[in-house]
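In: fold the following and give me the result.
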Amino acid sequence: MLALSLMGTFVVFEYDQFHQFQRQHRQLNKKLSTLQKEKIDALEAWDKYASE
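Out: Below is the predicted model of the structure:
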């Protein structure tokens, strides 16, 4: 019974860790997308400035 209880605790802990990882992954992907858009905007602005 103790082994079953420990196994259940382990499964819940791993499940929580997995969801925490997924949340962090989504946040990092959003940040990466934002940074890539900012980089593209900066390069376009630089290209426009350089062509003048």
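In: show me where this structure has its helices.
Out: 2-51 (DSSP state H).
In: any weak-confidence spans in the protein?
Out: Applying pLDDT under 70 to the chain flags no residue at all.
In: again, only this time at 90
Out: 1-13, 52 (pLDDT under 90).
In: tell me how far residue 13 lies from residue 4.
Out: Per Cβ to Cβ, to the nearest Å, residue 13 is found 15 Å from residue 4. Where you see a C-beta, it was placed from the backbone N, CA and C, and this is true even at glycine.
In: whoops, I mixed them up, residue 45
Out: With Cβ to Cβ as the criterion, residue 45 and residue 4 are 62 Å apart.
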